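Participant: here's a sequence, model it:
(one chain, ligands or ions: 2)
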Amino acid sequence: MATKNENKKETSTTKSKNQSKFSQEDAGKLTEFLIEEFKDIYYAENEILKGLKKMEAAATSKELKSGINAHYAQTQGQIKRLEEIFSLMGQKPAKKKCDAIDGILKEGESVLEDTEEGTMVRDVAIILASQKVEHYEIATYGSLAELAKTLELYEVAKILEETLHEEKSTDLSLTDVAMMSVNPKAKAE
Ligand SMILES: [Fe+2]
Ligand SMILES: [Fe+2]
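Facilitator: Ligands and ions are numbered 1, 2, ... in the order given. Have a look, this model is predicted:
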């Protein structure tokens, strides 16, 4: 009987050791995955910065131009935040090509070709393209902040949430510009 119990005890100890080893490895892989995603969004933000310059130059309405300009400055700050995150993770900032943002930005450039310079229809198209970018960023930062919390990287999560908040308010401002000014003017053109 005693031998049986000892065996039982041994089995359960081995099992719990294996389980804790498994969860540690799992967290390691999840951290690696998170770092890869940081490289992805770091690439994306740098490409978005170039896209914002083009969109600002192509926009006609003052509100839209100044809105894009303000978000350009914010995006520079978001890139700095990502560099801070890399440093908190003990990593050097690195970029990983992101096909999704390349596609969204390419589509944004093509709407410029499809619309006439100086028109409100073009501004409508710029807002539409810009909101697609913001929604991509909202999805990314929202998921990454939750993942950081899962990994108990609370400082990283806090930084990601600051950017998430900016992306959300940019999206709302774009909706405001569309509703209050650009869309009705485009309708009247
Ligand atoms: Fe951004
Ligand atoms: Fe953004």
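Participant: what does this structure put close to ligand 1?
Facilitator: For the chain, the residues found near ligand 1 under the criterion C-beta under 5 Å from the ion are 75, 78, 137. Heads up, the C-betas are built off the backbone N, CA and C, glycines and all.
Participant: from residue 32, how far out is the second one?
Facilitator: Right, the one you point to is residue 78. As for residue 78, its distance to residue 32 is 23 Å (criterion: C-beta to C-beta, to the nearest Å).
Participant: now the helices for the chain?
Facilitator: Remark: helices of the chain, listed N- to C-terminal, are 2-58, 62-88, 99-114, 120-150, 154-177, 183-188; assignment by DSSP state H.
Participant: can you tell me which of these is most buried?
Facilitator: For the helices of the chain, ranked by mean neighbour count under the definition mean count of other C-beta atoms under 10 Å, the leader is helix 120-150 at a mean of 19.
Participant: what helices and strands are in contact with that one?
Facilitator: Under the contact criterion of 3 or more C-beta pairs under 8 Å, 6 or more residues apart in numbering; DSSP states H and E, helix 120-150 touches helix 2-58, helix 62-88, helix 99-114, helix 154-177, helix 183-188.
Participant: hmm, the third one in reach of ligand 2?
Facilitator: No: remark: helix 99-114 sits outside contact range of ligand 2, by C-beta under 5 Å from the ion, the gap being at least 10.6 Å.
Participant: that helix vs helix 120-150, what angle?
Facilitator: 170 degrees (axes from the mean of the first three to the mean of the last three C-alpha atoms, to 10 degrees).
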